[in-house]
Every structure is written in structure tokens, then in C-alpha cells.
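In: Fold the following, please.
(chains A and B)
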2 protein chains.
Amino acid sequence: MRVLGVDPGLTRCGLGVVDGGTGRTVRCVAVGVARTPVDADLANRLLALADEVESWLDLHQPEVVAIERVFSQHNVRTAMGTAQAGGVVALLAARRGLPVAFHTPSEVKAAVTGSGKADKAQVTTMVTKLLGLREAPRPADAADALALGICHLWRAPLISRLAQAEARAAELARNHRARLAQAANNKGVAR
Amino acid sequence: MRVLGVDPGLTRCGLGVVDGGTGRTVRCVAVGVARTPVDADLANRLLALADEVESWLDLHQPEVVAIERVFSQHNVRTAMGTAQAGGVVALLAARRGLPVAFHTPSEVKAAVTGSGKADKAQVTTMVTKLLGLREAPRPADAADALALGICHLWRAPLISRLAQAEARAAELARNHRARLAQAANNKGVAR
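Out: Predicted coordinates for the structure are as follows:
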């Protein structure tokens, strides 16, 4: 499976394409950063970002897009820009019929370093190691995008097994309720 | 000038088209709310919203899109959804070459009620009055979208005059610096 990992942002948006192989093997296909001019207005920054992301989707043809889920940041203005950028990327993927997954920063950190509280340097070190890269991807946003891709490849099977288990549990509960209703009905008839 | 006002949101996105006439006259062209299913995943909600907004842009052909600027909300999750929806609308407008303006909730309230702290009921009352509507637009998101359109029509001339004044001031400052440099140069030559 090929994943496009996206660390959304207006000033720097990390983009990383990762292929998953058998077991936990992962391979880096492409990594980079989309930048948009700080002095441009918001709509034009989103437009420039969208054009760049479209060309990555065209070129690398990922099967799924994994985006970092933003909860909050110290700087509300930055957080809003990040959310707007993430929304635009999700739209572009959905328009191509690609599934979109969101992972929180701590899920991503935990996936690649084993700790949800790892710092940026640790994430970069592990990404470099896991993908067998000769040098560390720079800037940190690029490394984060690759970490998102890896996180998705490793979490996706778990998420789908969990969804299956939940669907199965819901079905069993429905059957159980139906049998109880049937039994109550029969009792009524017997009376 | 025709404005599409957008009060962004995933559950309810207010949409209002307002025409500006001479002076401060304003006319309601269309008003409504785009809703997306709460149980759908985020990317598909953004996709559904985008489809609805595209059809409004096709149908009403606004010359500018005015979007409410989100700063923060009590519920961070809601604020992020709102920002993502706003980002998507801004992208769609920019892709059509339409200018996009953002106005804060207090700018919108101040424009239509005279107070930046007016409540929702007051905004709805004034929007109904200003547009000469027979009944108040419902829900509040629809009224807010119309208020955004009115706010933009009334603020746009001020914003453009301000931009012109700033450009003129910057030009004067440049000329002044150039004259100072010239004078210093001449002095150097004279020595």
C-alpha cells in the first residue's frame, strides 16, 4: 500500500510518500515540503498549496492520504491556518475517491518511536532509521510527513480489525435483542 | 457587486448571496444552509460541502466571497471543523479567480448592528430589516451568512481606500528616503 503522509501547514506543508511491504517494512518514495508565500493572502496560499498537493497526487498515485489531526496549538492563528490547509488536502483526496485518515501527533510519535511524547529529533532519527535513508529528511515537517505515512501503514490493519470487531459485536447484540423480543412475544402468545 | 457570504461549518454552513446597490442599499438574492451528515467521515463531509458551495457559485455567480474568520471557540474540535470548512470554501473561490475576504464575527456584528458584541437575535433582526425580508432567515447560520455579505459590501470600499492610502504613504516614504540618499550623495561629491 502507498500512503501520502501530510503534515499540514501554510508556511511549510510536509509531504512524504511511503510504500508498505510485507510485515513492517517501509520504503520512502518521495519526501518534500510545499511552501506558500507568507505575504500572499490566505485564499491564494491555499490555492498554491492545493496545486502542489495535486501534482504530488498525480505523480505518486497514493492509495490513501494520512493527515495530521490538529487539536490545538499555542498560536490560535497558526492552528487555524493548519486546519484550513488540512481541510483543503482532505478535500482534494476525497475528490479523487481516496480514503483519508487522520492521526494525532501522539499516535504518530508512538508509532515510530514507541513514545507519544517523543521530541522532533527523536522522530526524525527513527524515520531515518526505519526508512533506511542515508541522511535525515529536513526540515522537521518533511520527516513528520514520512512518520505519518509509516504510522498509517502500521495502524491501518489494527484500525480495520477494530472496525470489524465492533461491527461483529453490534451484530451479536442485535441478534440477542431480537431473540429476547421473540421470547417475550412467545410468552405473550402462550398466556 | 454581488457577494456570497459564508458562515463556515460542517454540520450547518450558512450561505447568503447579497447584491449591493447605490449607497447602502442591499438586496437578498438567496439564503440557505448546507448540511453534511454528522456520521460521515471528515473528508466526505468536506466533499459534500464543496459540492454544495460549487453549485451556489455556479448558480449565483458572485463577484467576491466573504467568509467568517474563526479565531477560537470553546470547543476546539468544532473550531477545527469550522476552519477546515472555511479553508475549503476559500480554495473553491480562489480556483475560480474570485477574491476572498475574511471578516471577524465582531466586524460583522458591528457592521449590521453598530455593536461588535450584539447577540444572534439582534443580528437576525437587523439582517431582516436591512434586506427588507418578510420573515427572519432561519437558522441563525443563514442570517449570519447574509450579515457577512452586507458587512463585506459596506467594508469593502473602506478596505480598498485604506489599501490605497497605505500604498500612497509607502510611496511617499520611498521618495523621501530617495531624496535623503540623493542629498547625502551630493554632499559627499561636494566635499
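In: now residue A:102, what's its secondary structure?
Out: strand (DSSP: H, G, I helix; E, B strand; the rest coil).
In: so how far is residue A:87 from the residue lying closest to it once chain neighbours are set aside?
Out: Counting by Cβ to Cβ, 6 or more residues apart in numbering or on different chains, the nearest residue to residue A:102 once its immediate chain neighbours are dropped is residue A:69, at 4.0 Å. Using the backbone N, CA and C atoms, a C-beta is placed for each residue, glycine as well. Between residue A:69 and residue A:87 the distance, using Cβ to Cβ, to the nearest Å, works out to 12 Å.
In: cool, and residue A:49?
Out: Here the criterion is Cβ to Cβ. By it, residue A:49 lies 11 Å from residue A:87.
In: quick one: which of those two has more around it?
Out: More neighbours sit around residue A:87 than around the other of residue A:49 and residue A:87, counting by other Cβ atoms under 10 Å in any protein chain shown; the figures are 33 against 24.
In: Quick check: pLDDT value at the more buried one.
Out: Per-residue confidence for residue A:87 comes out at a pLDDT of 97.
In: What strand or helix carries it?
Out: Here residue A:87 sits within helix A:76-95, counting by DSSP states H and E.
In: same thing with residue A:121?
Out: When secondary structure is defined using DSSP H and E, the element that contains residue A:121 is helix A:120-130.
In: if we can go back for a sec, next, the angle from the helix holding residue A:87 to helix B:76-95.
Out: Using axes from the mean of the first three to the mean of the last three Cα atoms, to 10 degrees, the direction of helix A:76-95 lies 70 degrees away from that of helix B:76-95.
In: Now helix A:76-95: buried residues?
Out: Within helix A:76-95, the residues that qualify as buried by neighbour count (16 or more other Cβ atoms under 10 Å in any protein chain shown) are A:76, A:79-94.
In: The lowest-mean-pLDDT helix or strand in chain A near chain B at all?
Out: Of all the helices and strands that make up chain A, helix A:140-190 has the lowest average by mean pLDDT, DSSP states H and E, namely a mean of 88. No - using Cβ under 8 Å from any Cβ of the partner chain as the criterion, no contacts between helix A:140-190 and chain B are found, and the smallest distance is 11.8 Å.
In: I'd like to know which elements that helix is packed against.
Out: strand A:2-7, strand A:12-20, strand A:26-35, strand A:64-68, strand A:100-103, helix A:105-113, helix A:120-130 (3 or more Cβ pairs under 8 Å, 6 or more residues apart in numbering or on different chains; DSSP states H and E).
In: and the gap between the spatially closest residue to residue A:133 that is not a sequence neighbour and residue B:108?
Out: Among residues not flanking residue A:133 along the chain, residue A:28 sits closest, at 6.1 Å (Cβ to Cβ, 6+ apart). In this view, residue A:28 and residue B:108 are 47 Å apart by Cβ to Cβ.
In: So between these two, which is more surrounded?
Out: Looking at residue A:28 and residue B:108 with other Cβ under 10 Å, you find the greater number of neighbours at residue B:108, namely 28 against 19.
In: I'd guessed that one sits against residue B:145; true?
Out: No - shown here, residue B:108 and residue B:145 do not form a contact pair, counting by Cβ atoms under 8 Å, at 9.9 Å.
In: coming back round to it: how many degrees apart are the helix holding residue A:87 and strand A:12-20 in direction?
Out: Computed by the same axes, to 10 degrees, the angle between helix A:76-95 and strand A:12-20 is 40 degrees.
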